[in-house]
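Got a sequence here, can you model it:
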Amino acid sequence: MGLFDFLKRRRMPATIEDAIASQAADFVNAFSRPGAPIDGPKLDYSEDSLNLVDQVLQDFYQNQAQLPDDLHFVASAYVFETARRRFGGRYLRGDQDNPFVLVVGEPDCRIGVMVMGKIRGRTTNGPEDNIPFFFAGIAPLVERRKDATLE
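Numbers count the residues shown, from 1 in each chain. Have a look, this model is predicted:
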């Protein structure tokens, strides 16, 4: 190991969009290994693939286990990127419960999609915070061009 090998580390992404896309890819890669608890190759950023995310979170809920911060972030990033690929949008900084917010629908409307609190809620509140159901709430708001916050 050379003295300056630390300089070869991955550079920080240029934008929040790039950073979240990179974290979403890390989620897919983590579950694409043999023996993963879900079928990682089916993580294709489709609405149906959110059932797999929900399944992972359900395991934490059933076992009353705390969701590790790194898994919380990459799972959130995957849901964010699934929404951004479908609806477009941009990320803004949020608050403590939702450090990032995806804003979709501009310029016709502004719909703030707050995924991170929902991901954490899914592991503590169980099926009432179902991720596919949450995601399904975005399209009607976009169609109605209604300013809203989905959390």
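
distance between the ends of stretch 64-71?
15 Å (CA to CA, to the nearest Å).

And the helices in this structure, which stretches?
Remark: helices assigned in the chain by DSSP state H are 16-30, 50-62, 69-87, 115-125, 131-136, 138-144.

could you give me the average pLDDT of the third one?
For helix 69-87, the mean pLDDT works out to 97.

same thing with the first one?
Per-region confidence: helix 16-30 scores 94 on mean pLDDT.

Buried ones in stretch 118-133, by neighbour count?
By 16 or more other CB atoms under 10 Å, the buried positions in stretch 118-133 come out as 118, 119, 120, 121, 122, 123, 129, 130, 131. Yep, even glycine has a C-beta here, placed from its N, CA and C like the rest.

got it, and stretch 93-110?
Buried-residue list, stretch 93-110, by 16+ other CB under 10 Å: 94, 98, 100, 101, 102, 103, 104, 105, 110.
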